[in-house]
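Student: From the sequence below, what's the structure:
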Amino acid sequence: MTYGGAGHHPQQPGWQPPGPPPQGMPPQGTPYQGAPQAMPPQGMPPQAMPPQGAPPQGGPYQGMPPGAQPPGVPPRQQPYPPRPAGETPLTLPGWGAIPALLGVVLAAVGLFALKWAGDATFADLNKAIRQAAAGANGLSGNDQWIKIYFPQGVIIALALAAIPPALWSLGSIRSVKGAKSRGGLTKKSLMEGRTGPTRTMLSVLAGLCLLYHVISLLILTDGGKHLDGLGPGPWLLVAGTALSVAGAVIGPRVPGNAARRPY
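Tutor: Numbering: from 1, shown residues only. Model prediction:
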């Protein structure tokens, strides 16, 4: 059965006649004003709406320039001062610190804790040499050498061979400012980022101290004829000084831009 008379087809659900919509009707596909909005699919959380009276999106300080401090908010305190951009440490602790520190320990133990000749310690031997020199009418060149070696020469040589290589290999010179205050004879090269001259100088210094110990022990034992009479103390002192030389040669790590600068 049909409606509308002959020649009219039955209207299907959702069918609309062609042509523009009647006046006052929105175009097809446009929701009516006041129509309920579409709900999100099942399982999706509804869109959060700001509570009534909340400030607009973007915060109460929207429009402030970047980096500006909002009024009433205390400034943030940085726990450490900012490091200058692009500053690379000149030296850092390196593998040379291992033999350098071990050398300090061995040399100190050999000097102060172990026997030097028979049952005599370094202090006993020093006292005997002082007494012999005071009662002698004249001292030969070798005797003068030994008198200077005990105790001043030993202690000075130990300090020069042990302390600078240990500090150097631990990366104690980190910046140009540190090189300016502690660079010594190689201050200019360190301020330019060149660590080679400092490495060479400290290695030669520790090597000369090692040579001084060896020559003094040879003179003490009559040209090496009585080396077997020495105790473990002087041998450990020589071994510790040799490790200090190795620590000075290996030295610290040279990172970043400093590593690419020519020596």
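Student: Show the contacting residues for residue 154.
Tutor: 111, 122, 213, 216, 237 (CB atoms under 8 Å, 6 or more residues apart in numbering). Heads up, the C-betas are built off the backbone N, CA and C, glycines and all.
Student: And the fourth one, how close does it get to residue 231?
Tutor: As for residue 216, its distance to residue 231 is 15 Å (criterion: CB to CB, to the nearest Å).
Student: Check the second one too.
Tutor: Going from residue 122 to residue 231 by CB to CB gives 10 Å.
Student: what is in contact with these two at once?
Tutor: With CB under 8 Å, 6+ apart, residue 122 and residue 231 have common neighbours residue 116.
Student: quick one: which of these two has more around it?
Tutor: More crowded of residue 122 and residue 231, by other CB atoms under 10 Å: residue 122, with 23 against 18.
Student: any low-confidence regions in the chain?
Tutor: Residues of the chain that meet the criterion pLDDT under 70 lie in 1-87, 176-185, 187, 193, 256-263.
Student: For it, give the helix that spans the most residues.
Tutor: As assigned by DSSP state H, the longest helix anywhere in the chain is helix 196-220.
Student: Now do the buried residues in it.
Tutor: Applying a neighbour-count criterion of 16 or more other CB atoms under 10 Å, the buried positions in helix 196-220 are 197-199, 201-203, 205-207, 209-210, 212-213, 216-217, 219-220.
Student: which SS class is residue 88?
Tutor: Each residue gets one of three states, and residue 88 gets coil by DSSP: H, G, I helix; E, B strand; the rest coil.
Student: So what's the residue count around it?
Tutor: 14.
Student: now what about stretch 132-151, what contacts it?
Tutor: Outside stretch 132-151, the residues within contact range by CB under 8 Å, 6+ apart are 122, 125-126, 129-130, 216, 219-220.
Student: helix or strand for residue 104, which one?
Tutor: According to DSSP states H and E, residue 104 maps onto helix 97-112.
Student: Residue 242 too?
Tutor: In this assignment (DSSP H and E), residue 242 forms part of helix 232-250.
Student: Can you list the buried residues in that helix?
Tutor: Buried, per 16+ other CB under 10 Å, within helix 232-250: 233-250.
Student: hang on, the earlier thing: contacting residues around the longest helix of the chain?
Tutor: With contacts defined as CB under 8 Å, 6+ apart, helix 196-220 is touched by 142, 145-146, 149, 153-154, 157-158, 160-161, 164-165, 168, 173, 183, 185-186, 189-190, 224, 227, 230, 234, 237-238, 241-242, 244-245, 247-249, 251, 263.
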